[in-house]
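Undergrad: predicted model follows, preceded by the sequence.
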Protein chains: 2
Amino acid sequence: MATGRSHRPATRSRGIPEATVARLPLYLRALTGLSERSVPTVSSEELAAAAGVNSAKLRKDFSYLGSYGTRGVGYDVEYLVYQISRELGLTQDWPVVIVGIGNLGAALANYGGFASRGFRVAALIDADPAMAGKPVAGIPVQHSDELEKIIEDNGVSIGVIATPAGAAQQVCDRLVAAGVTSILNFAPTVLSVPDGVDVRKVDLSIELQILAFHEQRKAGEEAEAAAHDGSGPVAATRREAAEQGPDGDVPAVMPA
Amino acid sequence: MATGRSHRPATRSRGIPEATVARLPLYLRALTGLSERSVPTVSSEELAAAAGVNSAKLRKDFSYLGSYGTRGVGYDVEYLVYQISRELGLTQDWPVVIVGIGNLGAALANYGGFASRGFRVAALIDADPAMAGKPVAGIPVQHSDELEKIIEDNGVSIGVIATPAGAAQQVCDRLVAAGVTSILNFAPTVLSVPDGVDVRKVDLSIELQILAFHEQRKAGEEAEAAAHDGSGPVAATRREAAEQGPDGDVPAVMPA
DNA sequence: CCATCTTTGTGCACGCGTTCACAAAGACAT
DNA sequence: ATGTCTTTGTGAACGCGTGCACAAAGATGG
């Protein structure tokens, strides 16, 4: 019944803050790197640097999982890898379906990062009959008609939507009806899902727009600075975004 | 000098909270949809529903941009589209380069959401000489050797990294040295960039791991409930993730 | 012109997340 | 065994973001 509740499942899960959960994969990746180089222990300072976060934050994050460090020494890499993996549920196997095998869907199917961490692509599904049977990343694409059967047969609880925006909600509804309770959505749409279903979205266009905002801001400040400096610090042809006074309330002429 | 400072440029930009900036693209998308259906005005309530957020939050967000609504009526759709576009810097043209034309890079090149919002793919760059000249999404791939020249000639300030993890930092360094000040990183690595450069990262594997965490939590709760209920509410074969007591401090046997 | 009704804009309180700073804990050398 | 040194784990303060609830503003009808 809840409409468009994107990530952040509101309730703090088992005492572990959502923000911490979001960082655990980051730590895990850094730790895996250390593990491969056979580093036995790390300090919070070192690991924090490798993961790109504050060391105090990292220690507090780990404190939610338990006391897994040794004072004066640091954390045992292998042990921590195991603990975080277990906490994230990566010690079990998660079958995943990808719906919508266009460019993006194919890229996802080929993405190595899945298999390496407990995720297994159980099926690729597309609405185009011409795609059916065609192998992508070594897996034959199946037609949408089979969606429900595939989900149930494989016990799939995580679905990835990589369809065009128009089809996303419909696909989402079918996935949920068939038993999927976690969805990763790449389509640029707000999905409505019932309570108890988690949705996370990845929107390339939105990320770029956020960057553009900051980029514009930088260009504006720089233009201001250059106004009484003379030498522009950055390359040749960059537009200056001149209009718009320093304060927000421009008398902008742009009627209805 | 700053290491791995991912998004959140710390300083609140021009008084607009970062959280608000991140939602503006969402509003813009919803508004664009309304605009195409020639809807003249929307209330905060309606628009909030379409964007999947709280209406109070939406109103507060808009209040940072100025007073663009009319009490008793709502917001003028076209006017708001313009204001948000301007605020995000989408009224100007942003040339973008994509580095690393594998599956993902190709998918990005083909992604329609870019062109529609002021972004223009200025060049596709790959390190593989065999790719050079090969057209992807109608644009010929260029070799990495040309990177600096391309950036400077086109005044590119936004770069997208879709290379393997191993190459990402090196590519990043070259982009920054050539004048790029905003980077969208798809490689699963923490990038180090100097101050003044913004990095946003998109990590498919991390999103899935976060979902897995919540999925595991749900399975655990459900198992607990089913323990004295008898009828599992969800489909047939789902693993139960039984071990692990209700409290965090498991005496787990997994030594160093 | 006045009353009513709708919807915005925002003051305020609350909760989450971050960061600082330090005491407690353990390793290690002597 | 004792002291020193390193590093963890956490109490406490702070700041940001969210959501409630309401007053102000304007439209609309009589």
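TA: Nice, thanks for sending it over. No experiment lies behind these values; they were computed from the predicted model shown.
Undergrad: please report phi then psi for the residue in the stretch 101-250 of chain A that DNA strand D sits nearest to.
TA: Nearest to DNA strand D, among the residues of the stretch 101-250 of chain A, is A:Ile210, at 12.5 Å (C-beta to the nearest atom of the strand). Every C-beta, even on glycine, is put in place using the N, C-alpha and C of the backbone. Main-chain torsions, A:Ile210, degrees, to the nearest 10: phi -70, psi -40.
Undergrad: count of neighbours near it?
TA: Neighbour count for A:Ile210, taken as other C-beta atoms under 10 Å in any protein chain shown: 22.
Undergrad: now do A:Ile183
TA: Residues near A:Ile183, counting by other C-beta under 10 Å, number 23.
Undergrad: follow-up on the earlier one: run through the residues that contact the residue of the stretch 101-250 of chain A closest to DNA strand D.
TA: Counting by C-beta atoms under 8 Å, 6 or more residues apart in numbering or on different chains, A:Ile210 touches B:His7, B:Val21, B:Ala22, B:Pro25, B:Arg200.
Undergrad: up against DNA strand D, what does chain A have?
TA: Contact residues, chain A versus DNA strand D (C-beta under 7 Å from any atom of the strand): A:42-45, A:55-56, A:59-60, A:62-63, A:67-75.
Undergrad: so A:Leu28 sits against A:Val81, correct?
TA: Yes - in this structure A:Leu28 lies within contact range of A:Val81 using C-beta atoms under 8 Å: 6.8 Å.
Undergrad: what helix or strand is the one residue in the stretch 151-256 of chain A that gets nearest to chain B located in?
TA: Residue nearest to chain B within the stretch 151-256 of chain A: A:Gln216 (3.1 Å; C-beta to the nearest C-beta). Applying DSSP states H and E as the criterion places A:Gln216 in helix A:204-227.
Undergrad: next one: A:Ala107
TA: Using DSSP H and E, A:Ala107 falls within helix A:103-110.
Undergrad: what is that helix packed up against?
TA: Helices and strands touching helix A:103-110, by 3 or more C-beta pairs under 8 Å, 6 or more residues apart in numbering or on different chains; DSSP states H and E, are strand A:94-99, strand A:119-126, strand A:135-136, helix B:103-110.
Undergrad: of those, flag the one that's most buried.
TA: Using mean count of other C-beta atoms under 10 Å in any protein chain shown, the stretch among those with the largest mean neighbour count is strand A:94-99, at a mean of 24.
Undergrad: tell me the strands beside it, with direction?
TA: Strand pairing for strand A:94-99, determined by DSSP bridges: strand A:119-126 (parallel), strand A:158-161 (parallel).
Undergrad: off-centre distance for the last one?
TA: In other words, strand A:158-161. Chain-centre distance of strand A:158-161: 12 Å, with C-alpha atoms, centre = their mean, to the nearest Å.
Undergrad: list the contacts of it.
TA: Strand A:158-161 is contacted by residues A:94-100, A:105, A:108, A:119, A:151, A:168, A:171-172, A:175, A:180, A:182-187, A:191, B:208, B:211-212, B:215 when judged by C-beta under 8 Å, 6+ apart.
Undergrad: returning to that earlier point: figure out which of the strands paired with strand A:94-99 is closest to DNA strand C.
TA: The closest of the strands paired with strand A:94-99 to DNA strand C is strand A:158-161. By C-beta to the nearest atom of the strand, the value is 22.1 Å.
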